[in-house]
Each structure stands twice: as structure tokens, then as C-alpha cells.
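> generate a structure from the sequence data that follows.
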Amino acid sequence: MADSTTHPVGDNPFLKRAYALSSAADARDLYNEWALEYDKDLEAEEYAAPRLAAQALADAFDGDRRGEAARLRGLQILDAGCGTGLVGVELARFGAQTVTGLDISPGMLAVARGTGVYGALEQADLSAPRPIAKPDDFFDAVLCVGTLTRGHVGPQVVEEFVRVVKPGGCIVATVLDDIWESAGFSAEVERLRAAAAGASRIEVLRSEVVGLRSTTNVGGRLLVLRKV
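Sure thing, here's the model as predicted:
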């Protein structure tokens, strides 16, 4: 999601509330109320992050240069903070067939269910300890788009993503660039990169500033990490 300090939110009351969240309960209530208008509002904001993240994942896995519509076929993918399913729809364009979505809001999950692209949808609070109810090394990939932003989920969730990804698997995430350093995301990624062998350790494939809107090239940080 775009940030109000980088991209003004105008008169949209949902966007204003999103940038001022202070608890998981507030987030759940906001997104339940916003669910039916969310896609329309983000289209008006020219929100580009779902497309960028899905493309980044397809690029990371396309070692055999399969056709566009088959690049993610056969992968077990987690969409963490899936919202209404914007990321899932983009993943399906690259052939993804087995996508699990997690979100704190039942209202958002209901809209995501209507996309028809998720094999499973589950309610989860990503800010809680060990929020993903899956064993270690379960998924081929994890995506987290629009959730690592002001007032939402902090950097501790990155280690949880590493836990549930298979060795050699990828994590693709967008982080609001304004809080990349100040909220501790940069430090957490570096800690995991430098971890001892046998621990939750990553290789950083990409860490670059990108546009969260299609009309800009600033505002977000796109991360592509590989578990080693």
C-alpha cells in the first residue's frame, strides 16, 4: 500500500485510517469495513506492487525459461497478508495453481475467495508470534505485499517467512521505503543474511527501491530473498 507521506491519500477515509493503525484489532476492523471498496480504491491509487512482486517471483524461479503462463506452475506458494487477492490474481497469470492466502480480515478473505485463485484461505495475525500454522520448509515461496508498512506488521515476521520456506525457496516482499531502516527491516534482513550455517539464513537476491504506484519509481522497497 502507498504511504501517505510519499503519496497523499486525499479524502479517502480508509487510507487515512490505514496509516494510523495501532493494533491488530484495529487492522481487522478497518479491512473488514474496507473489503468491498478496496480493489476500486487501490486501482484509483494506481497500485503496482502486486504485479511487481509476482513478476519478481516468476523471474527468480524461471531457470528453465518456461512460457509466461507456466513459470510458477507446480509451486506451493503462500500469499501472506493476501487482502482481496490482488497478488493471487497476478500469480495465476504466471501459472500458479497452489496458493494459500493468509489475512487478518474475514471480510478481505471473503473477497479473495471470489477470485477463484486460492486453494486455501486462512485467517491469521502476522504480527503474532509464529503466526503461520505450517511446518518448517513447507512452501516453495512466500509473498508479502503491502503489509510491511506503517502501523501494520514488523520485521520479526521475516524470520517466520524463512522458517516456512524450503531451502532454495524464495521470499518476495514489499516494504515501505520510509520505514526500511527506522522500523528495523534492514537490520533484520542483514541479521538473517549473516546467520550461522544451519540457522534461518538467507541470500539477498534483490533489495531495490521501486514505485508502489505505476506512475512513480519511488516509495517502496522490493525484496527477493532465497533461503540457504
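> so what's G220 bridging to?
L176, V210 (DSSP bridges).
> roughly how far out does the helix or strand of the chain with the lowest mean pLDDT sit from the chain middle?
Lowest mean confidence among the helices and strands of the chain (mean pLDDT, DSSP states H and E): helix 13-18, at a mean of 82. Here the centre of mass of C-alpha atoms in helix 13-18, compared against the chain's by CA atoms, centre = their mean, to the nearest Å, lies 19 Å away.
> put the alpha carbons of it into CSV.
Output in CSV follows, covering the C-alpha atoms of helix 13-18 (Å, rounded to 0.1, in the frame of the first residue of the first chain):
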residue,chain,number,x,y,z
PRO,A,13,-11.1,7.7,5.0
PHE,A,14,-9.9,4.1,4.7
LEU,A,15,-6.5,5.1,3.5
LYS,A,16,-6.2,7.7,6.3
ARG,A,17,-7.1,5.1,8.9
ALA,A,18,-4.7,2.5,7.4
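> could you identify the helix or strand that succeeds it?
The helix or strand immediately downstream of helix 13-18 is helix 24-44, counting by DSSP states H and E.
> not counting its neighbours along the chain, what's nearest Q156?
Spatial nearest neighbour of Q156, excluding adjacent residues (CB to CB, 6 or more residues apart in numbering): E188 at 7.3 Å. Heads up, the C-betas are built off the backbone N, CA and C, glycines and all.
> what about the strand or helix carrying that neighbour, distance to the chain center?
In the assignment (DSSP H and E), E188 maps to helix 185-193. In terms of CA atoms, centre = their mean, the centre of helix 185-193 is found 17 Å from the chain centre.
> hang on, the earlier thing: which strands and helices sit next to the least confident helix or strand of the chain?
For helix 13-18, the contact count by 3 or more CB pairs under 8 Å, 6 or more residues apart in numbering; DSSP states H and E identifies helix 24-44 as packing neighbours.
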